[in-house]
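Trainee: Following is a predicted model, sequence given first.
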Amino acid sequence: MNNKKTFYITTPIYYPSGNLHIGHLLTTTLAWVYKNFKKQQGYDVFFSTGIDEHGQKIQKKAEEVKLTPQEYVNNEANKFLELWKLLDIDFDYFSRTTNKNHEQTVKLIFNKMLEKGYIYKGKYEGLYSINDEEFLTKTQALLIEGKYYHPVSKHLLQEVEEESYFFKMDLFNEWLKSYFLNNPIFITNKAITKELLNNFIDKGLDDLSITRISFDWGIKIDKYDDQKSHIIYVWLDALFSYLTNLNYLEKNNHNYLKYWVEGNEIVHVLGKEISRFHAIYWPIFLKSLDLKLPTKEIVHSWIVTPEGKMSKSKGNVIEPIPLINKYGAEEVKYFFSSQVNIDNDFSFSESLLINVLNADLANNFGNLLNRVAKMVNQSFPNGTKYDEKSLLEIDKNIYELANETYQEYKNNLNNFHADKALKKAIEFSSKLNEYIDKNEPWKLKDNLDRLNIILNTLLNGIYLVTYLLSIVLPKKCAIIFSYLNQLNNEKLLFQNNKFDNVIINVKEILFPRIK
Ligand code: MSP
């Protein structure tokens, strides 16, 4: 019997409108690192990413390049798949909303909501942002010289007047409010929770327009004749991909039962600008169908440049592919996951990336590994030996610090602060370098007993750092484990005799300095 705990993690499904940038790379990297951490901790994990293929924005893009929307999204899907391959991101499912099973399921969901009396027909009169695929009221929008703009993305808004079906959000307003108050850690970021409460929930949610008729690229409601021309709102369509990824409402719904219904942790990773959809509408849609809610919304802030949030319309987009080609997939993933605090905006620069890679990987950990391997090979070609009774205070401190470091790494990652967790690993690596400098092992050629203890302590320390970094640098760390003649296994972490008589063979500098 398999009684592992489960962990289902998703990235947003990105709009395939040709705007691949390091913001997408950041979200996917974070989700992938969390997934690797949970896997390392013994969870049965399921990780999905994908693309959001319907809607007016995509239809417009396809028209611009004279392709049918389907041809257009097929091409774009490949661009995303290539990017994740280049970045060495492995996932369990790639979501595409033009997938027939997804479309069928969303139609069924719409009909269920209709049958339950949560949907009514009306007329939408208000503002719409095609770029954000978001409805706004005039009070929410910015009015500049007679034109309305999105208050956050600053995109120009259209005035829309069309027949639409609406979802009765107000029926769930009080329920959502108490859900927020009873689950203060549902969203990782407290400020966002407060903002959603103040700006939307406390004010009373407006009913949400959930169909459009002015274009036709989307899931059509075809069950009833008079609804022929209605297209399901792209956000209702997209959010349910989190369930259709697991074959919800399909015959073979094994994954849905395992990772959602009976699952332990269900988490969505997303940028803060789409928290309204994930933390208000999504829980309400699920509640309306009597379905279980995700356990956590991991909301991260933005990558910004001096021009503000990175986005195509501002022209300050940093492309991910040249960055990966120049610095390496694992290095780029290391940079973002170790530097971005999800609660704060992050100011990107290439010089910062170079500094971090040089400081943490080349000068600190890489150098530690090389110097220790060299000393071991010189004095103990047949390996060192753990000898508990000969440990001095200074050595015991390292073992204690190793223990603390592992606890803090886990605590931080359990709170989805990969940056803090990885910083702990690097801090410990610094301490190991300091431990070398304090002990001056190069002066101990005549005291092999003492030298043995020092090098053996260092090897145990290096094992821990490698283990911790392996959730971000799996390939590089697999090579290091092979150089150390060790397996990557939690059980070995505090088994201090694991290097007894083990030959160390570092064949190559894995983290060269970037000039
Ligand atoms: N299609 C919707 C999501 C539907 S999920 C059911 C969407 N797509 S998107 O292509 O616009 O991607 C948005 C996501 O990209 C953000 O939530 C965030 O994860 C990432 N980022 C986009 N710009 C970003 C920054 N400047 N900085 C960090 N992440 C950013 O919204």
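Mentor: Okay, I see it.
Trainee: Make sure P381 is indeed in a strand.
Mentor: No. In this structure, P381 is coil, not part of a strand, as judged by DSSP: H, G, I helix; E, B strand; the rest coil.
Trainee: so what's the backbone phi/psi at it?
Mentor: Note on P381: backbone dihedrals following degrees, to the nearest 10 are phi -60, psi -20.
Trainee: Counting neighbours, what do you get for it?
Mentor: Look at P381: counted by other C-beta atoms under 10 Å, it has 9 neighbours. The way it works is simple: take the backbone N, C-alpha and C, and place the C-beta from them, glycine included.
Trainee: That one touches I503, doesn't it?
Mentor: Yes. Counting by C-beta atoms under 8 Å, I503 is a contact partner of P381 at 7.2 Å.
Trainee: neighbours around F416, how many?
Mentor: F416: 22 neighbours (other C-beta under 10 Å).
Trainee: Distance of the closest residue in space to it that isn't next to it in sequence relative to E195?
Mentor: Take F416 and drop its neighbours on the chain: the residue closest to it by C-beta to C-beta, 6 or more residues apart in numbering is I298, 5.0 Å away. Distance from I298 to E195, counting by C-beta to C-beta, to the nearest Å: 16 Å.
Trainee: Over to Y281?
Mentor: In terms of C-beta to C-beta, Y281 sits 15 Å off from E195.
Trainee: Show me which of those two is the more surrounded one.
Mentor: Y281 (22 against 15).
Trainee: can you pull the contacts of F200?
Mentor: 276, 280 (C-beta atoms under 8 Å, 6 or more residues apart in numbering).
Trainee: for P151, same thing?
Mentor: So P151 contacts 136, 140-142 (C-beta under 8 Å, 6+ apart).
Trainee: Wasn't it part of a helix?
Mentor: No. Secondary structure of P151 (three-state DSSP): coil, not part of a helix.
Trainee: thinking again about what came up before, what about the residue nearest to F416, how many residues nearby?
Mentor: A total of 22 residues lie near I298 under the criterion other C-beta under 10 Å.
Trainee: Check what pLDDT it gets.
Mentor: Looking at I298, its pLDDT is 98.
Trainee: Spell out which parts of the chain neighbour the ligand.
Mentor: Within the chain, the positions adjacent to the ligand are 12-15, 23-24, 26-27, 52, 238-239, 270-271, 274, 302-303, 309-310 by C-beta under 6 Å from any ligand atom.
Trainee: Just the buried ones from the contacts of P151, in ChimeraX syntax?
Mentor: Entered in ChimeraX, the line below selects the buried ones among these, by 16 or more other C-beta atoms under 10 Å:
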select :136,140,141
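Trainee: Is it possible to get JSON lines of the contacts of P151 that adds pLDDT and secondary structure?
Mentor: Listed next are those as JSON lines, based on pLDDT from 0 to 100; DSSP: H, G, I helix; E, B strand; the rest coil:
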{"residue": "L136", "pLDDT": "91", "secondary structure": "strand"}
{"residue": "Q140", "pLDDT": "90", "secondary structure": "coil"}
{"residue": "A141", "pLDDT": "93", "secondary structure": "coil"}
{"residue": "L142", "pLDDT": "93", "secondary structure": "strand"}
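Trainee: What strands flank the least confident helix or strand in the chain by mean pLDDT, and is each parallel or antiparallel?
Mentor: The helix or strand of the chain with the lowest confidence, counting by mean pLDDT, DSSP states H and E, is strand 308-309 at a mean of 76. Take DSSP bridges as the rule and strand 308-309 pairs in its sheet with strand 303-305 (antiparallel).
Trainee: for the strand it pairs with, what is the average pLDDT?
Mentor: Rounded mean pLDDT across strand 303-305 is 89.
Trainee: List the buried residues of it.
Mentor: I303.
Trainee: all helices of the stretch 351-500 of the chain, in order?
Mentor: Secondary structure of the stretch 351-500 of the chain (DSSP state H, counting those that start in this stretch): helices located at 367-379, 393-414, 418-439, 448-469, 474-483.
Trainee: In the stretch 101-250 of the chain, which residue sits nearest the ligand?
Mentor: Residue nearest to the ligand within the stretch 101-250 of the chain: A238 (3.8 Å; C-beta to the nearest ligand atom).
Trainee: about what we covered before: what's the residue nearest to F416 sitting at in phi/psi?
Mentor: According to degrees, to the nearest 10, I298 has phi -90, psi 110.
Trainee: Would you agree it is in contact with G271?
Mentor: No. If you go by C-beta under 8 Å, I298 and G271 don't touch, sitting 10.3 Å apart.
Trainee: In the stretch 151-300 of the chain, which residue sits closest to the ligand?
Mentor: Closest point on the stretch 151-300 of the chain to the ligand, by C-beta to the nearest ligand atom, is G271, at 2.7 Å.
Trainee: And the pLDDT at that residue?
Mentor: Reported pLDDT for G271: 98.
Trainee: give me every residue that touches it.
Mentor: Counted by C-beta under 8 Å, 6+ apart, G271 has contacts 12, 23, 27, 299-302.
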